[in-house]
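Student: Pasting the sequence and the predicted coordinates here, then a few questions.
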Amino acid sequence: MWFGTITIFISLVPYEKNYYTFFQKNVINFKKGYLSNRMEDFKSIIDRHHPILYKIGRAYATPDDFDDLYQEMLINLWKGLKSFKGQSKISTWIYRVVLNTALTYQRNSKKKKHSQVDIDNVQIISDGYSTAEKETLENDIQLLYKAIRMLKKEDRSVILLYLEENSYEEIGEILGIKSGNVGVKINRIKKRLQEHLTTLNYERA
């Protein structure tokens, strides 16, 4: 199925190379008094888990809103770092923080309409693809994110965690739902997502 193929492509989308510089410009200034060691710890965490922020940000924000949401995610992670006690995996904690941030941001956002995705904002950097193949992948990835944004907010969280290859148990732990219900939700969401993709493909044709 087309959906099964596109799940592979989503991992090929590169993330912002200068995200730490972005963080320094927008967040660090109001935290100047903190020790540099804590900042280095934070940088190391973001280095390892930045794709989580990128993909969730892309799914919950339009291109015009992405930077604002991204900044909110970084701020909330920074603020919450001192409260992380290691009772769960760091990736589980990050998912919870950024998903809650994305949901809150969207609820508070005055921009309710989805703008057209700018294809120039996404580049797939891979020597293994021809120019034509890269263009096809870029279009498919953009289409997938657009279809994901058409889902209900809660469903977006589930499918994003599924696309990140989290287990049902991990998804349940992150979202606070029974793992036995995760598979049922995923099957329902995949069907709905496939319907959105079919509609978008028809409109694109």
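Tutor: Noted; the coordinates are in hand.

Student: And for Ile46, the neighbour number?
Tutor: Burial measure for Ile46: 19 neighbouring residues, criterion other CB atoms under 10 Å. In this view, the C-beta of every residue, glycine as well, is placed from N, C-alpha and C.

Student: hang on, it packs against Trp78?
Tutor: No. Taking contacts as CB atoms under 8 Å, Ile46 lies outside contact range of Trp78: 9.4 Å.

Student: Glu165: helix or strand, and which one exactly?
Tutor: Using DSSP states H and E, Glu165 is not contained in any helix or strand.

Student: Just the pLDDT for it.
Tutor: Glu165 is assigned a pLDDT of 80 by the prediction.

Student: ok, now how distant is Ser88 from Ile45?
Tutor: 14 Å (CB to CB, to the nearest Å).

Student: Compare these two and say which one has the larger neighbour count.
Tutor: Looking at Ser88 and Ile45 with other CB under 10 Å, you find the greater number of neighbours at Ile45, namely 18 against 14.

Student: For that one, give me the pLDDT.
Tutor: 82.

Student: With Glu138 instead?
Tutor: Listed pLDDT for Glu138 reads 67.

Student: Also His49?
Tutor: Predicted confidence (pLDDT) at His49: the value is 84.

Student: what residue ranges in this protein are flagged as low confidence?
Tutor: 1-38, 110-138, 202-205 (pLDDT under 70).

Student: In the helix or strand Lys43 falls within, which of the residues would be classed as buried?
Tutor: Applying DSSP H and E as the criterion places Lys43 in helix 36-60. Under the neighbour-count criterion of 16 or more other CB atoms under 10 Å, helix 36-60 has 39, 42, 45-46, 49-50, 52-60 buried.

Student: Quick check: the farthest pair among the residues you listed?
Tutor: Met39 and Ala59 (28.1 Å; CB to CB).

Student: Number of residues surrounding Ile148?
Tutor: Neighbourhood size, Ile148 [other CB under 10 Å]: 22.

Student: Next, find the distance separating it from Ala102.
Tutor: The gap separating Ile148 from Ala102 is 12 Å, by CB to CB.

Student: and for these two, which residues touch both?
Tutor: Ala59 (CB atoms under 8 Å, 6 or more residues apart in numbering).

Student: Now do the SS call for Gly86.
Tutor: coil (DSSP: H, G, I helix; E, B strand; the rest coil).

Student: count of residues packed around it?
Tutor: Around Gly86 there are 7 residues (other CB under 10 Å).

Student: Dihedrals phi and psi, it?
Tutor: phi 80, psi 20 (degrees, to the nearest 10).

Student: Which stretches in the protein count as helices?
Tutor: 2-9, 19-26, 36-60, 66-80, 90-108, 131-149, 153-163, 168-175, 179-204 (DSSP state H).

Student: What residues sit buried inside stretch 178-190?
Tutor: So for stretch 178-190, counting by 16+ other CB under 10 Å, buried means 182, 185-186, 189-190.

Student: now stretch 70-86
Tutor: Buried positions in stretch 70-86, judged by neighbour count with 16+ other CB under 10 Å: 70-78.
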